[in-house]
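Student: when you get a sec, could you give me coordinates for this:
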Amino acid sequence: MIWYLILVGPAILLAFYAQWRVSSAYSQMSQIPARMTGAQAARRILDSAGLYDVPIESVSGHLSDHYDPSSKVVRLSYDVHNGNSMSAVGIAAHEVGHAIQDARNYSPLVIRNLAVPAAGFGGSLASVLFTVAFVMLFSGMLVLGKWVLLLAIVGFSLVVFFQLINLPVEFDASSRAKDELISHGIISSGELPYVSRVLNAAALTYVAGTLSSVMTLAYYMLQYAGLSQSDS
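Tutor: Take a look at the predicted model:
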């Protein structure tokens, strides 16, 4: 437990900080008006990229914005879709960035999309196997428990791989968003720091989540290594 707190504790604290920073940046930048709504900004950028057939939909939820590569649709939360603020245009442009990545076969996005089913399966499998493994180990079934723990580590490694490949995808989408917003006159260069504040805060949540998963994986690998050393 001490090693878990040492390895994973800082990442968890960073995740809480990142969530607070996103909420704070989104709230503050929502008060700074933009020249158009998030939906209008998204439509302008999509059309300029030749993606006339990619629709924009309004969905429920707070910060539920995303691009669906399977349906080829940009989905924006109500406040982003209809809001005319720096937060709205920044988030909308970020999601359009993913649509442009998809249209241009951006390699990390292709790999990420392929990894989604494996990561989902690996995460579900690992959550069950970790519990089973530690029950076995505490029950004295050391050999079998160790093998189950190894399978859980393999499954969780798929989740970590997904999160690692997701980082360049998200960073690139934010970079594209800033460039597109300025090049199409949706924001001025002087307004870029407002948008950057929101997008950088969002990026920090991905970094924190990935770091937490990597450190959790390291913890379980240390547990497995300790069991292997005790056998030798």
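
Student: tell me where the longest helix sits in the protein.
Tutor: Ordering each helix of the chain by length in residues (DSSP state H) puts helix 142-183 first.

Student: the residue nearest the centre of the chain and R176, how far apart?
Tutor: In the chain, the residue lying closest to the centroid (Cα atoms, centre = their mean) is Y206, at 4.6 Å. In this structure, Y206 lies at 16 Å from R176, with Cβ to Cβ, to the nearest Å as the measure. The way it works is simple: take the backbone N, C-alpha and C, and place the C-beta from them, glycine included.

Student: picking that back up, ok, then the element right after the longest helix of the chain?
Tutor: Scanning the chain past helix 142-183 towards its C-terminal end, the next helix or strand to appear is helix 192-231 (assignment: DSSP states H and E).

Student: show me which residues of that next one are buried.
Tutor: Within helix 192-231, the residues that qualify as buried are 192, 194-199, 201-217, 219-220, 223-224, 227, counting by 16 or more other Cβ atoms under 10 Å.

Student: same check on stretch 59-71?
Tutor: Buried residues in stretch 59-71, counted by 16+ other Cβ under 10 Å: D65, Y67, P69.

Student: identify the residues contacting the first one.
Tutor: Listed by Cβ atoms under 8 Å, 6 or more residues apart in numbering, the contact partners of D65 are V59, R75, L76, S77, V80, I91, A92, H94, E95.

Student: in helices, which of these fall?
Tutor: Filtering the contacts of D65 for membership in helices, criterion DSSP H, returns V80, I91, A92, H94, E95.

Student: what distance do you get for the residue lying closest to the first one once chain neighbours are set aside to A88?
Tutor: Spelled out, that is V80. Take V80 and drop its neighbours on the chain: the residue closest to it by Cβ to Cβ, 6 or more residues apart in numbering is G38, 4.2 Å away. Computed with Cβ to Cβ, the distance linking G38 and A88 is 4 Å.

Student: try L46
Tutor: Noted for L46: a distance of 16 Å to A88, by Cβ to Cβ.

Student: the two: who's more crowded?
Tutor: Set side by side, L46 and A88 give different neighbour counts by other Cβ atoms under 10 Å, the larger being at A88 (30 against 22).

Student: what helix or strand does the more buried one sit in?
Tutor: Secondary structure here is read from DSSP H and E; on that basis A88 sits in helix 86-103.

Student: for that helix, list every residue counted as buried.
Tutor: By neighbour count, and taking 16+ other Cβ under 10 Å as the criterion, the buried residues in helix 86-103 are 86-102.

Student: distance from the helix or strand that V135 is a member of to the middle of the chain?
Tutor: Under the assignment given by DSSP H and E, the secondary-structure element containing V135 is helix 107-138. Taking the mean C-alpha point of helix 107-138 and that of its whole chain, the gap between them comes to 16 Å (Cα atoms, centre = their mean, to the nearest Å).

Student: run the angle between that helix and helix 192-231 for me.
Tutor: Interaxial angle of helix 107-138 relative to helix 192-231 (axes from the mean of the first three to the mean of the last three Cα atoms, to 10 degrees): 40 degrees.

Student: elements contacting helix 107-138?
Tutor: Of the remaining helices and strands, those touching helix 107-138 by 3 or more Cβ pairs under 8 Å, 6 or more residues apart in numbering; DSSP states H and E are helix 86-103, helix 142-183.
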